[in-house]
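K.L.:
Got a sequence here, can you model it:
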Amino acid sequence: MPLPLVACLVAFATTYLLTPLVRRLAVRVGAVTRPAARSVHTTPTPHLGGLAIYASFAVTLLLIGELPRSETVRILACGLLALGLGTLDDFRDLSPRTKLLGQVLVASLLVGLGVRIHFITNPFGDLIYLGSWSYPLSVLWVVAVMNVVNLADGLDGLAAGICAIAAIAALFASARVGLLPEVTILAAALAGSTVGFLPHNFNPAKIFMGDAGAMFLGFTLAAISIHGALKQTTAVALLVPIVALGLPITDTALAIYRRLRAGRSVGQADRGHLHHRLLDLGLTQRQAVLVMWGVTAWLGLSAVLLSEVSGGLGFVLVMSLGLIGLLAFVSAVGAGSLPREQGKNLPE
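P.N.:
Numbering: from 1, shown residues only. Predicted structure coming up:
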């Protein structure tokens, strides 16, 4: 049996079995999210699911012998810090500024340890060396993906499913283009860990992954993509997560545009997110999540196809294919306009 498949299955089983134990722990320590006046969920729900995802990811890498690799250890150690930052936010409700500072520190540590983007190739074949820009751009990339995933965590199973699809896309793409073997293993372990969590997180959710899980998943997706580009002259390692996460990236960009246009704080919540729009159209939580998973799967397929094409024309065609589907969906739900109903207590 191929090692990536073993890693995926081990991670899936470990997360699936470990999550109920983490749920009991969360209830015991009072790590429970209670519905706010305008929250989507209606019952108190434990929120330490990110611990199960991280633990299974780490255990899988240990069991299959990946931990001795220095880059893997660095990613896992910094991922633990991202998990800790998210856990602190779950308990203390950190201010946006404090949270951003923590994310920058975690990303800077990873980059300082050598896991950064040194160079990439553009789709037309030219090699681009980043030089001193390697440091800030790598930090920006990690922080951006952490926040994109965090903002996508608005419905039961939404963020976990999107990250699972992105990890699966990264797994297939890395296997196809021959990236470093450990990149494929990391993607497989992350995919299995996330999919194993979904049976407990899909509506009605028995447990949330919380900011701890969202920050860890976002951090790890970003770190895996950087590691994939570390010693390979290819843009695929970076483009795959960008394309696969196209839906939450677009949702975040539209939210910023909406709020700035209305003269509101960028951090103030509203009912303009894509999942809110789907609910307003009459879809149930499950239906809304499945629709968004479907769009993400379309983008994930486009991301994998990027690893199959060569030349600038092929790149343009595949990217156009993905963008057409994404823009059609966004246009259909009308996510660019400011919603009538506003408030600060809405889930992001």
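K.L.:
residue ranges of the strands in the stretch 101-250 of the chain, please?
P.N.:
In the stretch 101-250 of the chain, strands defined by DSSP state E, counting those that start in this stretch lie at 119-121, 127-129, listed in chain order.
K.L.:
Comparing those strands by mean pLDDT, which bottoms out?
P.N.:
Among those, strand 119-121 has the lowest mean pLDDT, at a mean of 70.
K.L.:
For this protein, give the helix that spans the most residues.
P.N.:
The single longest helix within the chain, with elements called by DSSP state H, is helix 3-29.
K.L.:
Which element is encountered next along the chain beyond it?
P.N.:
strand 32-33 (DSSP states H and E).
K.L.:
so what strands line up beside that following strand?
P.N.:
Strand pairing for strand 32-33, using DSSP bridges, gives strand 45-46 (antiparallel).
K.L.:
Specify the next element, helix or strand, located C-terminal of the partner strand.
P.N.:
Immediately after strand 45-46, counting by DSSP H and E, sits helix 49-63.
K.L.:
List the buried residues for the longest helix of the chain?
P.N.:
4, 6-8, 10-12, 14-16, 18-19, 22-23, 26 (16 or more other CB atoms under 10 Å). Where you see a C-beta, it was placed from the backbone N, CA and C, and this is true even at glycine.
K.L.:
For residue 138, give its distance to residue 149.
P.N.:
Look at residue 138 and residue 149: by CB to CB, to the nearest Å, they are 17 Å apart.
K.L.:
again, but for residue 256
P.N.:
16 Å.
K.L.:
ditto for residue 201
P.N.:
Counting by CB to CB, the gap from residue 201 to residue 149 is 14 Å.
K.L.:
of these two, who's got more company?
P.N.:
residue 149 (29 against 25; other CB atoms under 10 Å).
K.L.:
what sits against residue 200?
P.N.:
Contact partners of residue 200, counting by CB atoms under 8 Å, 6 or more residues apart in numbering, are 16, 19, 20, 23, 49, 206, 207.
K.L.:
For those, give me a markdown table that also has distance to residue 298 and pLDDT.
P.N.:
Shown next, in a markdown table, are those (distance: CB to CB, whole Å; pLDDT from 0 to 100):
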| residue | distance to residue 298 | pLDDT |
| --- | --- | --- |
| 16 | 27 | 97 |
| 19 | 28 | 97 |
| 20 | 33 | 96 |
| 23 | 32 | 96 |
| 49 | 27 | 95 |
| 206 | 29 | 94 |
| 207 | 28 | 95 |
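K.L.:
residues of stretch 60-73 that come out buried?
P.N.:
Buried residues in stretch 60-73 (16+ other CB under 10 Å): 60, 61, 64, 66, 69, 71, 72.
K.L.:
Is the second one in contact with residue 76, as I believe?
P.N.:
Yes: the pair residue 61 and residue 76 passes the contact test of CB atoms under 8 Å, sitting 6.7 Å apart.
K.L.:
quick one, what contacts residue 103?
P.N.:
Residue 103 neighbours (CB under 8 Å, 6+ apart): 82, 85, 142, 143, 146, 147, 215.
K.L.:
And those residues, which is closest to residue 129?
P.N.:
residue 142 (19.9 Å; CB to CB).
K.L.:
out of everything not next to it in sequence, what's closest to residue 109?
P.N.:
Spatial nearest neighbour of residue 109, excluding adjacent residues (CB to CB, 6 or more residues apart in numbering): residue 78 at 5.6 Å.
K.L.:
now residue 58
P.N.:
Residue 58's closest residue in space is residue 76 (CB to CB, 6+ apart), at 5.9 Å.
K.L.:
Which of the helices or strands spans that neighbour?
P.N.:
Using DSSP H and E, residue 76 falls in helix 70-92.
K.L.:
Give me the helices and strands touching that helix, please.
P.N.:
helix 49-63, helix 96-112, helix 181-201, helix 210-230 (3 or more CB pairs under 8 Å, 6 or more residues apart in numbering; DSSP states H and E).
K.L.:
got the angle between it and helix 181-201?
P.N.:
30 degrees (axes from the mean of the first three to the mean of the last three CA atoms, to 10 degrees).
K.L.:
okay, helix 70-92 in CSV with CA atoms only?
P.N.:
Provided in CSV are the C-alpha atoms of helix 70-92 (Å, rounded to 0.1, in the frame of the first residue of the first chain):
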residue,chain,number,x,y,z
SER,A,70,14.0,18.8,10.1
GLU,A,71,11.5,20.7,8.0
THR,A,72,8.7,18.4,9.3
VAL,A,73,9.7,19.0,12.9
ARG,A,74,9.7,22.8,12.3
ILE,A,75,6.3,22.8,10.7
LEU,A,76,4.9,20.6,13.5
ALA,A,77,6.4,22.7,16.3
CYS,A,78,5.2,26.0,14.8
GLY,A,79,1.8,24.4,14.1
LEU,A,80,1.6,23.6,17.8
LEU,A,81,2.1,27.3,18.5
ALA,A,82,-0.6,28.2,16.0
LEU,A,83,-2.9,25.7,17.8
GLY,A,84,-2.0,27.3,21.1
LEU,A,85,-2.8,30.8,19.8
GLY,A,86,-6.1,29.6,18.6
THR,A,87,-6.9,27.9,21.9
LEU,A,88,-6.1,31.0,23.8
ASP,A,89,-8.4,32.9,21.5
ASP,A,90,-11.2,30.4,22.1
PHE,A,91,-10.9,30.9,25.8
ARG,A,92,-10.0,34.6,26.1
